[in-house]
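Asker: Quick check, what structure comes out for this input:
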Amino acid sequence: MKAMIVCSGGLDSVTLAYKVATQGNLTSLVSFQYGQRHDKELDYAAQCAKHFDVPHHIIDISNVGAQLTGSALTDDVAVPDGHYAEDSMKLTIVPNRNAIMLTIAYGMAASQGADTVAIAVHGGDHFIYPDCRPEFIKQFAKMQKMALDGFADIELYAPFLNGSKADIVSAGAALSVPFEATWSCYKGGDQHCGKCGTCVERAEAFYEAGVPDPTTYAAPEYWRDAIKQHAAGAV
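Answerer: Residues are numbered from 1 along each chain as shown. Model prediction:
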């Protein structure tokens, strides 16, 4: 396996890079500038690539992202606060984002001699994002086999697909991932806001994994209330 990692600079994809590198198979990282308000995440992806001394490709698809309107990540729409499984988090959907990124990554991998594209989608993504779900990953990999038939044979590696965010934190802790050198917050401020869905999910994952959270949050206790409110609403 010679793997290209789709790396946002977040906790999940950086942990994936460490996992693949431990296996001795990391060839490069590819990140995407799609007009996201939290594009500071790309700096963290760059740090990860520098650590492993591998190429870091930043692909600018912001012109494409500008056409995917209505998302709180790319448009003039407020990023919702609260639990990541709330319906309000659908405002953070960027239509076909993973499908677009993976298609580009597959083409790059085929051109550059990699035989694997790795992505860090996980079970916590399934609530909101259809292009993070197991059936999508299965069908996308099948489609790419056809798209590159006779030219390249690229595998899609998604080892966290059926696990939780807490499982990723546990795996990252075992790999000595520098979690402080990752970025999750969708608001892209000076520090993690502590209130958006990704911040709540991040804080909860560290708690569930029993791993100290090195993240500085503007609202460090908000996640507890968000979880309680979500649980109450689910009853």
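
Asker: contacts, neighbours, all on C-alpha from now
Answerer: Will do.

Asker: that's a helix at residue 69, yeah?
Answerer: No: per DSSP: H, G, I helix; E, B strand; the rest coil, residue 69 lies outside any helix segment and is coil.

Asker: tell me the secondary structure for the nearest residue to it once chain neighbours are set aside?
Answerer: Spatially, and ignoring its direct neighbours in sequence, residue 69 is nearest to residue 75 (6.0 Å; Cα to Cα, 6 or more residues apart in numbering). Secondary structure assignment for residue 75 (three-state DSSP): coil.

Asker: Phi first, then psi, for residue 75.
Answerer: Main-chain dihedrals, residue 75, degrees, to the nearest 10: phi -120, psi 180.

Asker: any idea how far it is from residue 37?
Answerer: 8 Å (Cα to Cα, to the nearest Å).

Asker: Over to residue 83?
Answerer: According to Cα to Cα, residue 83 stands 20 Å off from residue 37.

Asker: Likewise for residue 3?
Answerer: 28 Å.

Asker: who's more crowded, those two?
Answerer: residue 3 (25 against 19; other Cα atoms under 10 Å).

Asker: Measure how buried the closest residue to the more buried one other than its chain neighbours is and give me the count.
Answerer: Excluding its sequence neighbours, the residue lying closest to residue 3 (Cα to Cα, 6+ apart) is residue 116, at 4.5 Å. Counted by other Cα under 10 Å, the residues lying close to residue 116 total 23.

Asker: Any idea what residue 116 is bridged to?
Answerer: Residue 116 has these beta-bridge partners by DSSP bridges: residue 3, residue 155.

Asker: Could you double-check that it sits in contact with residue 6?
Answerer: No: under the criterion of Cα atoms under 8 Å, residue 116 makes no contact with residue 6, lying 10.7 Å away.

Asker: what packs against the lengthiest helix in the chain?
Answerer: Among the segments of the chain that qualify as a helix by DSSP state H, the longest is helix 97-112. Helix 97-112 sits against strand 3-6, strand 116-118, helix 134-147, with contacts defined as 3 or more Cα pairs under 8 Å, 6 or more residues apart in numbering; DSSP states H and E.

Asker: Quick check: which of those has the most neighbours on average?
Answerer: Comparing the helices and strands packed on helix 97-112 by mean neighbour count (mean count of other Cα atoms under 10 Å), strand 3-6 comes out on top with a mean of 27.

Asker: low-scoring stretches of this structure, by residue?
Answerer: Within the chain, the stretches with pLDDT under 70 are 234-235.

Asker: quick one, strands of it?
Answerer: Taking DSSP state E as the criterion, the chain carries its strands at 3-6, 26-33, 56-60, 116-118, 155-157.

Asker: And those strands: which comes nearest residue 134?
Answerer: Evaluated over the strands of the chain, closeness to residue 134 peaks at strand 155-157, with 11.7 Å, by Cα to Cα.

Asker: what's that closest one in contact with?
Answerer: If you take Cα atoms under 8 Å, 6 or more residues apart in numbering as the criterion, strand 155-157 is touched by 115, 116, 117, 118, 119, 137, 141.
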